[in-house]
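S.K.: Sequence unavailable; structure follows:
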């Protein structure tokens, strides 16, 4: 037991360093996908202080809408636009029906309300589009770059690279949106201080709708990528649980934190599963991310890039 | 006029410290207990006793446990299912290792083991707060379930994975678990346990420990300055809460389902219990019971509603619609009364005081 945990894995890594790099890289790519889901959480938490548990349900709902429309014979680009519009509609409805009546309540009440939204979206999406697994083929093959593999001995998956590229583009777009546009500045102001933002004339309700829409569209991107990997099915809603440790690792309020947290969790999880999984009894992916994040939190309670909490009496 | 405390004088310290200082409250509780002990066993059939009341009692115990942690001590936890599983499996190990041990001791010991586990997973609460803590309690949920799934020692190396608790006698010829146990025995046993534990919770909460929990919840720094140790307060909250959840889990596995399996304590169970205390009322013992009743009855109602309306719907569709209605109702209740149904009860009492002459 002792040897299996503390000695053997390191020998394995030493013997086959290329394999280790491969595991590491594939973990990083999985991490990018986690980060994409975590991004939606961060956006909403930053702008409204709401811990949006429904992000996973939004991912599922967006992916279901996209696939459903595509199967009905709509052009994929058109259905992409249409499902974005649907997500904006969801954001509008949520703001009007759920958030507005609950203004000024405790954060835990908002959290509960988003769990209510989760149930509703899960049920609603599956009532409309059915609950069977739908394969989603977006034309990116799930195979390694053979030329690169011949040259270096490393197998790197094309799809993973594509996902990473999509994620980078999204993050770049979001960063531009947040720093260069007027709405982005307003969003940052709201994130800083609700009341101050209100007092200089920033319409809080509009901002909330916008940020939920953006989170919905990020969710759509995450849903399409995850759906292409796993098939569009109910399990997509559960990847939200994978995004939570990423969040606490990176800090609830930091976009770079979400990305870096995703990378750490993704690679750490893969390495642990490959090298330590067997010694510990298998399927440690379920909890490894949480324990990793927990150990990390003991040293940095606010996460990697979270705002330092200073408490005064 | 009905609910009026005028004229009820407290003439001794004892009456001042009474659990229910107002006579109407006393009558109400005594009446409720009389109904629970006498009327329900006479009129209810097996389905009601087993599927509704037993489930309701067990859920209210778990909700009580979570309410102690979240409602009174202010530490948000999503690991309730994990702690319940811990209670169920430790009770199973105890009952099979010591076949002669009485069920009450099995439950108490299982609760104590869970309390220790809960304290261990509560350690992060000393450093982190709020949603960070909530997410880290998910570690308990996932890790504990994984442990019980993967380590064969916990299931006594059973190959099938479906394990049942051994038949245990309560006293004499009355079995409390197994096929020979009657629903009535289980009903009385659980009811008594719930009454005793609820009474204990009420007394802990109005005592020194409970006050320190509430002080930590309201403002931890101020509480620390007036001399309350956050370490003791937070860890004791985790311990007591897990004790209750552990007993609830053991009862669930031993009495309600009759099988010990990790599947019954999934993350959805944790959310269900969190719903109960939020819909019932955070920081209210009555609220835990109302919330549990609500969440137990709602799915049964939703399940039978389409049939009552004369609609024939496919099973999968009914499940999805149930999800939707559940979600909508949660949001609805949060908007109507964010402080929970217990608060509505408080408002009703306030109204009854003045009725029929409100000013």
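M.R.: Alright, I've got the coordinates. This is a predicted model, so every value here is computed, not measured.
S.K.: Check which helices and strands the helix or strand harbouring residue B:237 sits against.
M.R.: Following DSSP states H and E, one finds residue B:237 within helix B:230-251. Helices and strands touching helix B:230-251, as assessed by 3 or more C-beta pairs under 8 Å, 6 or more residues apart in numbering or on different chains; DSSP states H and E, comprise helix B:55-66, helix B:80-97, helix B:103-122, helix B:183-206, helix B:208-218, helix B:220-225. To be clear about C-beta, it is placed using only N, CA and C from the backbone, and glycine gets the same treatment.
S.K.: next helix or strand past that helix?
M.R.: Next element after helix B:230-251 (DSSP H and E): helix B:267-280.
S.K.: So residue A:305 belongs to a helix, correct?
M.R.: No - read with DSSP: H, G, I helix; E, B strand; the rest coil, residue A:305 is coil and lies in no helix.
S.K.: tally of neighbours for residue B:21?
M.R.: Per other C-beta atoms under 10 Å in any protein chain shown, the neighbour tally for residue B:21 reads 13.
S.K.: How is it assigned, secondary-structure-wise?
M.R.: For residue B:21, the secondary structure call by three-state DSSP comes out as coil.
S.K.: What of residue B:180?
M.R.: Relying on three-state DSSP, one would call residue B:180 coil.
S.K.: Contact partners for it?
M.R.: Residue B:180 is in contact with residue B:167, counting by C-beta atoms under 8 Å, 6 or more residues apart in numbering or on different chains.
S.K.: any idea how far it is from chain A?
M.R.: Distance of residue B:180 to chain A, given as C-beta to the nearest C-beta, to the nearest Å: 36 Å.
S.K.: what's the answer for residue B:172, then?
M.R.: 43 Å.
S.K.: hmm, who's touching stretch A:79-86?
M.R.: A:62, A:65-66, A:69-70, A:74, A:216-217, A:220.
S.K.: quick one: contacts for residue 158?
M.R.: You didn't say which chain, so I picked chain A. So residue A:158 contacts A:140-145 (C-beta under 8 Å, 6+ apart).
S.K.: Sorry, I should have been clearer: chain B.
M.R.: Per C-beta under 8 Å, 6+ apart, neighbours of residue B:158: residue B:152.
S.K.: before we move on, the earlier item: make a ChimeraX selection of the buried ones in the contacts of residue A:158.
M.R.: Remark: buried members of the contacts of residue A:158, expressed as a ChimeraX selection using 16 or more other C-beta atoms under 10 Å in any protein chain shown:
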select /A:140,144
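S.K.: Looking at chain A, which helix is longest?
M.R.: Longest helix of chain A, by residue count under DSSP state H: helix A:17-48.
S.K.: residues near residue B:19, how many?
M.R.: 11.
S.K.: how near is the closest residue in space to residue B:86 that isn't next to it in sequence to chain A?
M.R.: Using C-beta to C-beta, 6 or more residues apart in numbering or on different chains and skipping residues adjacent in sequence, the residue nearest residue B:86 is residue B:114, 4.7 Å away. Using C-beta to the nearest C-beta, one gets 18 Å for the distance from residue B:114 to chain A.
S.K.: again, but for residue B:326
M.R.: For residue B:326, the distance to chain A - C-beta to the nearest C-beta - is 5 Å.
S.K.: Quick one, grab the pLDDT at that residue.
M.R.: In this model, residue B:326 is scored at 83, pLDDT.
S.K.: what's the following helix or strand after the strand or helix carrying it?
M.R.: Using DSSP H and E, residue B:326 maps to helix B:315-336. Proceeding N to C from helix B:315-336, the next assigned helix or strand is helix B:341-354, under DSSP H and E.
S.K.: which residues are in contact with that next one?
M.R.: B:1-5, B:279-281, B:284, B:286-287, B:290-291, B:294, B:333, B:337, B:358.
S.K.: Might you enumerate the residues of the stretch 1-150 of chain A proximal to chain B?
M.R.: A:51, A:97-98, A:101-102, A:105-109, A:111-113, A:115-124, A:126-127, A:131 (C-beta under 8 Å from any C-beta of the partner chain).
S.K.: ok, now with 6 Å
M.R.: Residues of the stretch 1-150 of chain A found near chain B (C-beta under 6 Å from any C-beta of the partner chain) are A:51, A:98, A:101, A:105, A:109, A:112-113, A:116, A:119-120, A:122-124, A:126-127, A:131.
S.K.: Out of the contacts of residue A:158, flag the one nearest to chain B.
M.R.: Nearest to chain B among the contacts of residue A:158, counting by C-beta to the nearest C-beta, is residue A:142 at 27.6 Å.
S.K.: any idea how far the closest one is from residue A:39?
M.R.: 23 Å (C-beta to C-beta, to the nearest Å).
S.K.: mind listing the strands for the stretch 151-300 of chain A?
M.R.: Along the stretch 151-300 of chain A, no stretch is classed among the strands by DSSP state E, counting those that start in this stretch.
S.K.: what about it, any weak spots by pLDDT?
M.R.: A:152-153 (pLDDT under 70).
S.K.: Please, where are all the helices along it?
M.R.: A:158-180, A:182-192, A:194-199, A:204-230, A:235-250, A:255-271, A:277-280, A:285-299 (DSSP state H, counting those that start in this stretch).
S.K.: which of the ones you listed sits most buried?
M.R.: helix A:235-250 (a mean of 25; mean count of other C-beta atoms under 10 Å in any protein chain shown).
S.K.: So which residues make contact with the helix holding residue B:326?
M.R.: Residues outside helix B:315-336 that contact it (C-beta atoms under 6 Å, 6 or more residues apart in numbering or on different chains) are A:98, A:101, A:109, A:112-113, A:116, A:119-120, A:122-124, A:126-127, A:131, B:279, B:302.
S.K.: still on that earlier bit, now render the helices and strands packed on helix B:230-251 as TSV, adding mean neighbour count, mean pLDDT and distance to residue A:301.
M.R.: Shown next, in TSV, are those (neighbours: other C-beta atoms under 10 Å in any protein chain shown; pLDDT from 0 to 100; distance: least, C-beta to C-beta, whole Å):
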stretch	mean neighbour count	mean pLDDT	distance to residue A:301
helix B:55-66	28	95	23
helix B:80-97	27	94	22
helix B:103-122	21	94	15
helix B:183-206	17	93	28
helix B:208-218	19	94	17
helix B:220-225	14	91	13
